[in-house]
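Trainee: Give me coordinates for this.
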Amino acid sequence: QVQLVESGGGLVQAGGSLRLSCVASGSIFSINAMGWYRQVPGKQRELAAEISSGGSTTYADSVKGRFTISRDNNQNTVYLQMNSLKPEDTAVYYCNAYGVTTMIPERATRDYWGQGTQVTVSS
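Mentor: So this is what the prediction gives:
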C-alpha cells in the first residue's frame with residue numbers, strides 16, 4: 001500500500017512564504033509525475049504545479065513566478081516552495097503521485113492522493 005503524507009501548511013500573512021512537503025511511502029518501484037493540486041470549497045480541484053520524473057515542470061498561470069516545485073526521486077518526495085503568497089492562494093493543497101508502480105504483491109500502476117494540508121493566507 002502506498003501512502004502520501006503532506007506537511008508544511010499553515011497560516012501566513014500576504015506576501016509571506018510556506019514550503020509544502022509530500023513523502024510517498026510503501027513498496028514503490030517508480031513514480032511518473034508528482035504534483036500539487038488545490039481546492040477551495042465549492043470549486044473543482046485544480047493543478048498548482050507538477051513535476052515529471054525527469055524534472056520537467058508545469059505551473060498554473062496563477063502561481064508562475066511565485067511557486068517552485070522540486071522533487072527528490074531517491075526519497076519519493078516532492079516540495080512546493082510558495083513565495084509572495086496572496087489571499088487567493090488560500091486552499092487545501094493535495095499532493096498527487098501519478099503513475100505509481102508497485103511490485104508487491106504483483107506489478108501494478110495507479111495514482112495516489114494525499115489527505116490534504118490547509119494553507120491560509122491572511123490579507
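Trainee: for stretch 43-56, which positions count as buried?
Mentor: By neighbour count on 16 or more other Cβ atoms under 10 Å, the buried set for stretch 43-56 is 45, 48-52. No exception for glycine: its C-beta is placed from N, CA and C like everyone else's.
Trainee: ok, residue 63 - how many residues close by?
Mentor: When neighbours are counted by other Cβ atoms under 10 Å, residue 63 registers 22.
Trainee: One more: residue 22?
Mentor: Around residue 22 there are 25 residues (other Cβ under 10 Å).
Trainee: partner residues bridging it?
Mentor: residue 6, residue 78 (DSSP bridges).
Trainee: tell me which element the residue nearest to the spatial centre of the chain is part of?
Mentor: Closest to where the C-alpha atoms of the chain average out (Cα atoms, centre = their mean) is residue 36, at 2.7 Å. Using DSSP states H and E, residue 36 maps to strand 28-39.
Trainee: Show residues contacting that strand.
Mentor: If you take Cβ atoms under 8 Å, 6 or more residues apart in numbering as the criterion, strand 28-39 is touched by 2, 20, 22, 24, 45-53, 58, 69, 71, 73, 76, 78, 80, 89, 91-103, 107, 116, 119.
Trainee: and the helix or strand just after it, how far from the chain's centre?
Mentor: Next along the chain after strand 28-39, taking DSSP H and E as the criterion, comes strand 46-52. With Cα atoms, centre = their mean, to the nearest Å as the basis, strand 46-52 stands 7 Å off its chain's centre.
Trainee: so what does strand 46-52 touch, helix or strand wise?
Mentor: With contacts defined as 3 or more Cβ pairs under 8 Å, 6 or more residues apart in numbering; DSSP states H and E, strand 46-52 has these neighbours: strand 28-39, strand 57-59, strand 67-72, strand 77-82, strand 91-102.
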